[in-house]
Each structure stands twice: as C-alpha cells, then as structure tokens.
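Colleague: Using only what follows, build the 3D model:
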Amino acid sequence: MNYYEENLSRLIRHFERGCKMDCFRKLGLEVEHFIVDKSTGKSVSYYGERGVEAILREMEGQYPHSYYEGDHLLGLYNSDYSLSLEPAAQLEISVNPRGEISHIRQIYRHFISQITPVLESYGYRLVTRGYQPVSRAAELPLIPKKRYACMDDYFKTSGSRGLHMMRGTASAQISIDYFSEEDCVRKMRAAYILGPAIKLLTDCTPVFEGQPAKGHLTRTAIWRDVDPKRCGICPGLFSEDFGFRSYAEYLMRLPLIFVPEAGGQDSYVRDRTAADIWKEEALSPGQVEHILSMTFLDVRLKHYLELRAADSMPFSHVCAYLALVKGIFFHEDALARILAAPVGEKEILAAEDSLMEKGFAGEIYGMPAAEYCRMVVRMAKSHLRPDEQALLHPMEQMIEENSESGTAAIKEKRNLTQYYEE
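Modeller: Below is the predicted model:
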C-alpha cells in the first residue's frame, strides 16, 4: 500500500485543526539575539566555561523546565516563553501568543531582567541585528545538535549562503492565526504582498562579515541563495486553486535533509522526500511537525502562520512591527485593500530587487518605497487604539526621514540601526 494520499490527508487535517474562531485576538513573537563580548563585539560560542551553555546553566534555576540533548543544555522554558538556540548559539525567545502587545512587552522585559545580570557578570550583552555585528560566519562553531550538522552539510551544495544563514543571521518572527482555509490563503498572500515593505521597514543589517553591508535587505539576499526549493515565496501561492492541499503537496515533495529517529537521534536523508521516506507508513504527529519545520519560506504554515521576513532588531521596533501586523491582519478591510493590488510573485520579486539596490529610493509596485510604506503604516494605525498607535512611531520616523524631502539621506545606507539604540 502506498500511503501518499493518507499522509497528504494528515497534513491537510493538521492545517484544518489550526482554524480558530478566536484568531483575531493573539500574536506570537520570536526574537533572535546575538550574545556578544562587550569588549570585542564578537559572538560568544556555545562551548566552554564562559560559553552560552554556561550562561543557560546559570539561569536554569529560574525556569521550571529545561531541554537537553544528551548532556548538553539547549533550552529553558516557562508558561510565558521559551528560550532556545539557533545553529551558532543565537539565543531565541519565543513568547506564547498573547492578545495584547502590552503583555508581550511585559514578558520580554521580564526575560531581559533575568538574563542581563548574568550576561553582565561575564562582560557580555545582547545584540539584536539581522547579521553578526563583528564575527564572521566561518569562525563560529555549531551547537551540538546533529540536525544542524546535517543542514550545514546539505546547504553546501543547495546554494552558496547556507554558512552565512545558519551562523550569521537573526530574525524577528510574528505568528498569527486563521479561522478557515480561505482566511489562511488570504493572509498568506497579504503577508507576501507586504513582504517588501516589511523587509525595508525592518532592515537591520548594517554589517556583513565584519564589513559595511552593500545595498539593503542583506538577510533577503542571503536567504535567496540558501536553497530555492525551501525558501522565498511558496510555489503556486497566487494560483486560483491554492489551498491546504497545494501546500501539503509542496511539503511532500520537499527534500527533508534529516528525519528524527527513535531515541532522539537524527538520520541524514539528504534529498529524500517525505513522499519517499514514508511511502509505506502513515505519518505520526511528530513526523508531521518535522515536515512542516523543514521549509524556510518567508511565510510558513503550521497550525498558524509564521511571518518570517523581518530582521532581528531593537525591541522598540519589534513592538512597531507587532502593531503593524495587528493593524493589518486583524481587520478584513485592511486585508482587502492589500489584496486588491494586482500583485503576484513576479511583482514581489521585482519590488525586492529594487529595494535591495536602492532602499527607500526604490519602488514597491510602481510607488516610491517611502510612499508605499507610509500608506501601509497609516492603514494599520487607523485600526489601533491610541496606546498601540504610539508603538508605530519608530517606523513613522524612519519613513519620514527617508521621504522625498530627505533625498540626500536616501543615498546613504539607511536602516533602523541609525535611529534606535538597543
């Protein structure tokens, strides 16, 4: 018996179970950080007496739960958030979905209050940028997760930027819910249409490999050359018949790189697909979750939607991003305005190309970039309470300083690192 249709159905049912009638109420947040030495700006390795694992062990008593692989401590979590590590020991906080941005801010500040004294005792600090501020990717060892070793090897041949992506980048991600298949597709499309503006408004990568970054949207340039099969825009998204089945079919033909095995081990399967690996058995819930996690699209579907386009950035700007997403995606009239534009994959990529070269002097769908971004921010602002509207100020300031009246400034590399400190 071939289990392809059964496994396709299991993926589809997973997406269907994600439909939530209270989906207008909550935002999830993930922010990745670099832990750096204050004196040098270089990233701290996972290993050694002064490494990231030592920091986690010092904090372990403050958290009710921890995550180990073998003898290695790799994560901590409580009822509000979890701490985990990216490939080169970038520290990620994942805040559980909350209905109020003010609550997310409180949770993040609690995390900062706990980690800052520990970091200061080592002479370290947190940095939120889209790329390592000083360290070069090749200098940084991977943390002891076999899956990262598998990915590191695989990405050597799938593109030219896997090394930089895994060891050098950091992002800020927001998750939102959907209440139906149609709502999910509409939000996915809207997120991609807004993607160029979001990438520009969250561009926080002034340095690449220890040198001033050339152009703009450096993280986008990196992701474009990691693995085209699993990055960028979801294939077929703008087709009329796109839905849960389309996304499930895409996942089933995606090379999986590795699969988790019994006992917590990972098996390196390289280019084998889910359709091939599990052709004679039905997918378990854990295997479904793994398949969902092995695509790195700008917008990723699980049982919620992950918006993955933004750089890691100072928290004031993260809050602006949260407010922007809430003001657009929680309101049908705003979504309808975004979706009314005659935009597809070709237009999105053209807008990104323009912004990568020219920044705010570029164009988004035929409009000056600053004008388009201003329109989007104003649209979001019109749907927010006054306290939430105030959170958009960093983006508003960034847009105005790069508008037509500031042509001289546009010629320089402008991104939010020039506006806000940590």
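
Colleague: where do the strands sit along the stretch 201-350 of the chain?
Modeller: Secondary structure of the stretch 201-350 of the chain (DSSP state E, counting those that start in this stretch): strands at 207-208, 211-212, 231-232, 255-260, 266-273, 296-297, 299-301, 305-311.

Colleague: which of the ones you listed is buried the deepest?
Modeller: By mean neighbour count, with neighbours taken as mean count of other Cβ atoms under 10 Å, strand 305-311 ranks first of the strands of the stretch 201-350 of the chain at a mean of 24. Any C-beta I mention is one placed from the backbone N, CA and C, and that applies to glycine too.

Colleague: CA atoms only for that one, dumped as CSV, please.
Modeller: The C-alpha trace of strand 305-311 is given here as CSV (Å, rounded to 0.1, in the frame of the first residue of the first chain):
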residue,chain,number,x,y,z
LEU,A,305,1.0,31.4,10.1
GLU,A,306,4.6,32.5,10.7
LEU,A,307,5.7,35.8,9.2
ARG,A,308,9.4,35.3,8.9
ALA,A,309,10.6,38.3,6.7
ALA,A,310,11.9,40.7,9.4
ASP,A,311,15.4,41.1,10.7
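
Colleague: May I ask you to name the longest strand in the chain?
Modeller: strand 27-37 (DSSP state E).

Colleague: what packs against that strand?
Modeller: strand 91-98, helix 101-122, strand 124-127, strand 171-176, helix 315-329 (3 or more Cβ pairs under 8 Å, 6 or more residues apart in numbering; DSSP states H and E).

Colleague: quick one: which of these is nearest D298?
Modeller: Nearest to D298, of all the helices and strands packed on strand 27-37, is strand 171-176, at 10.3 Å by Cβ to Cβ.

Colleague: before we move on, back to that, with distance to P133, mean pLDDT and mean neighbour count added, can I get the helices and strands packed on strand 27-37 in CSV?
Modeller: Rendered in CSV, the data for these read as follows (distance: least, Cβ to Cβ, whole Å; pLDDT from 0 to 100; neighbours: other Cβ atoms under 10 Å):
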stretch, distance to P133, mean pLDDT, mean neighbour count
strand 91-98, 14, 98, 19
helix 101-122, 15, 98, 16
strand 124-127, 6, 98, 19
strand 171-176, 15, 98, 23
helix 315-329, 16, 98, 24
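
Colleague: for those, which one sits closest to T40?
Modeller: For T40, the closest of the helices and strands packed on strand 27-37 is strand 124-127, at 10.4 Å, according to Cβ to Cβ.

Colleague: what about the closest one, distance to the chain center?
Modeller: 20 Å (Cα atoms, centre = their mean, to the nearest Å).

Colleague: Following element in sequence after it, please.
Modeller: helix 146-158 (DSSP states H and E).

Colleague: So which bits of that following helix are buried?
Modeller: Using 16 or more other Cβ atoms under 10 Å as the test for burial, helix 146-158 gives 146-151, 154-155, 158.

Colleague: Dump the C-alpha coordinates for the helix or strand following it into PDB.
Modeller: Sequence order places helix 162-168 as the next helix or strand after helix 146-158, per DSSP H and E. C-alpha atoms of helix 162-168 as PDB (Å, rounded to 0.1, in the frame of the first residue of the first chain):
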ATOM      1  CA  GLY A 162      24.000  28.300   3.900                       C
ATOM      2  CA  LEU A 163      27.000  29.100   6.000                       C
ATOM      3  CA  HIS A 164      26.000  32.700   6.400                       C
ATOM      4  CA  MET A 165      22.400  31.900   7.000                       C
ATOM      5  CA  MET A 166      22.900  29.400   9.800                       C
ATOM      6  CA  ARG A 167      25.700  31.100  11.600                       C
ATOM      7  CA  GLY A 168      25.300  34.700  10.800                       C
END
